[in-house]
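Peer 1: For reference, the sequence and a predicted model appear below.
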Amino acid sequence: MPKKPVRPRTQKRAEERRFSASVKDRARLAALEPGGSEARPIAVSSASLVELEARGMPCALCGGAVRVEEHAAKGGLRPVHVLCMQCGARRTVYFRVDALPS
């Protein structure tokens with residue numbers, strides 16, 4: 001018995017579901033990496049390095065370049081809101097300023 005041909009629309013929806021699941025998985029992994037949550041901030045030696053470090057990080061979803069939208073100080077943490085210039089994904093990366101002993 002020959003197999004039924006797969007309709008293009010059905011195949012496209014299946015690919016979209018796989019892509020969506022992949023994006024969700026990458027977002028979950030990014031939350032577990034350093035800087036991905038308040039519990040795992042990235043340590044820097046100076047507040048002036050926070051935005052430089054954030055801009056140097058690739059997008060967690062597509063690997064594209066990011067732009068810093070906002071950088072604030074919040075109870076010892078520095079949450080930085082970034083926007084991917086390629087896919088438009090938004091993410092918050094957390095930093096902690098650890099001053100070097102003098």
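Peer 2: All right, it came through fine. Numbering: from 1, shown residues only.
Peer 1: Show me what the host helix or strand of Leu52 is in contact with.
Peer 2: With secondary structure defined by DSSP states H and E, Leu52 is part of helix 50-56. With contacts defined as CB atoms under 8 Å, 6 or more residues apart in numbering, helix 50-56 is touched by 42, 44, 65-68, 71, 78, 80, 82, 93, 95, 97. For every residue, glycine as well, the C-beta is placed using N, CA and C.
Peer 1: what's the lowest-pLDDT member of those?
Peer 2: For the contacts of helix 50-56, the model is least confident at His71; its pLDDT is 89.
Peer 1: The closest residue to that one other than its chain neighbours: what secondary structure?
Peer 2: If you skip the residues right next to it in sequence, His71 has Val80 as its closest partner in space, 4.8 Å away by CB to CB, 6 or more residues apart in numbering. Under DSSP: H, G, I helix; E, B strand; the rest coil, Val80 falls in the strand class.
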